[in-house]
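# Predicted structure and sequence below. I'll ask about it afterward.
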Amino acid sequence: MPGAPRRPGTTPERIGARGGAVARTAPERIGPQRGAVARTAHGSGPGGGIKVGVLALQGAVAAHARALSESGATPVDVRTPDDLASVDALVIPGGESTTISMLLESSGLREPLAERLGAGMPAFGTCAGMIVLASDVLDGRPDQRSLAAIDLVVRRNAFGRQRDSFEADLAVDGFDDRPFHAVFIRAPVVERAGAGVEVLATVAGRPVLARSGPVLVSAFHPELTPDRRLHQYFLEEVV
Ligand code: GLN
């Protein structure tokens, strides 16, 4: 059933530290990817060579950079305020939101990042990145601070123990009929989405992909599977 989580253990889908099994079990690309050759707005070719930062403090940085360049963008690791100033948009990867939050402070990035987001810089947060961008975080560390770039209440690690990691085929609003195979690793649950938040996909009735203006968030890891439609959607529709 599309959208229903499958329990780990029945197929080789439990995710190791680097998600190696995921790449092998992920669906092959079928036909041309939607929009793969359509982009012209930011330059020539898909993705237009637009400079998209990947917040490179901790987490799944390299896989996002690869997904972005496969989608035609130019990925840039962002570790300093100067790096941030050089990009047109930013991906905040999965990892540990508590750690990312701490490193945002020590790197001096929190303030300039909050400013850029306030000025409408497009951002795509995945898993921990979604938590970092949310307005309210439940079950976080007391000193964990989120950026409040999207009106969401999220609860960390809330799919429960048996569902620590699972995969699900999502029906994504606006995508073609092919389901989007999504990998969830200790994913946050959205407890509440604000009125201005557009929910693009759900699992068990919970939003797992959502957008509010220039901010896109997913509770899962689109960079770990070969399907590039979500990165392309970010580049084409959000940036
Ligand atoms: N559980 C992590 C957190 O709370 C998120 C996990 C992930 O990004 N895969 O930050």
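Cool, got the structure.

# going forward, measure contacts and count neighbours with C-alpha atoms only.
Noted.

# Could you report the neighbour count for Glu115?
For Glu115, the neighbour count with other Cα atoms under 10 Å is 13.

# list the helices and strands the particular helix or strand that has it in it packs on?
According to DSSP states H and E, Glu115 maps onto helix 110-118. When contacts are defined as 3 or more Cα pairs under 8 Å, 6 or more residues apart in numbering; DSSP states H and E, helix 110-118 packs onto helix 81-85.

# could you point out which element follows the helix it packs on?
Downstream of helix 81-85, the next assigned helix or strand under DSSP H and E is strand 89-92.

# Need the mean per-residue confidence for that next one.
Per-residue pLDDT over strand 89-92 has a mean of 98.

# Run through who's touching the following helix or strand past the helix holding Glu115.
Once helix 110-118 ends, the next helix or strand along the chain (criterion: DSSP H and E) is strand 123-126. Strand 123-126 is contacted by residues 89-94, 117, 130-133, 214-222, 234 when judged by Cα atoms under 8 Å, 6 or more residues apart in numbering.

# again, only using 7 Å
89-94, 133, 214-221 (Cα atoms under 7 Å, 6 or more residues apart in numbering).

# which one of these sits closest to the ligand?
Nearest to the ligand, judged by Cα to the nearest ligand atom, of those is Gly94 at 3.3 Å.

# my guess is Ala158 meets Ile185, correct?
No. Contact criterion Cα atoms under 7 Å: Ala158 and Ile185 do not qualify, at 10.7 Å.

# Which one's more surrounded, the two?
Ile185 (25 against 17).

# Mind listing the residues bridging to Leu138?
Leu138 has these beta-bridge partners by DSSP bridges: Arg155.

# Please look at it and Arg156 and confirm they touch.
Yes. Under the criterion of Cα under 7 Å, Leu138 makes contact with Arg156 at 6.4 Å.

# more neighbours, these two?
Remark: of Leu138 and Arg156, Arg156 carries more neighbours, 21 against 17, as counted by other Cα under 10 Å.

# Shouldn't Ala62 be within a helix?
Yes. Judged by DSSP: H, G, I helix; E, B strand; the rest coil, Ala62 forms part of a helix.

# Report the contact partners of it.
Taking Cα under 7 Å, 6+ apart, we find Ala62 in contact with no residue.

# Tell me the pLDDT of it.
Value listed for Ala62 in the pLDDT field: 97.

# what separates it from Asp77, distance-wise?
From Ala62 across to Asp77, the span is 9 Å (Cα to Cα, to the nearest Å).

# hey, where'd the helices end up in the protein?
With DSSP state H, the ranges of helices along the chain come out as 20-25, 61-70, 81-85, 97-106, 110-118, 128-133, 229-233.

# what is the residue most central in space within the chain paired to in the beta sheet?
The residue lying closest to the centre of the chain (Cα atoms, centre = their mean) is Thr126, at 2.3 Å. For Thr126, the beta-bridge partners under DSSP bridges are Ser218.

# give me the number of residues near Val199?
Applying other Cα under 10 Å, we find 18 residues neighbouring Val199.

# how about the helices of the chain, which one is nearest Phe175?
Comparison of these against Phe175 by Cα to Cα identifies helix 229-233 as nearest, at 8.0 Å.

# Show me what the mean pLDDT comes to for the closest one.
Helix 229-233 comes out at a mean pLDDT of 98.

# What parts of this structure come near the ligand?
94-98, 127-128, 156-157, 185-187 (Cα under 6 Å from any ligand atom).

# quick one: low-confidence parts of this structure?
Along the chain, segments meeting pLDDT under 70 span 1-47, 160-163.
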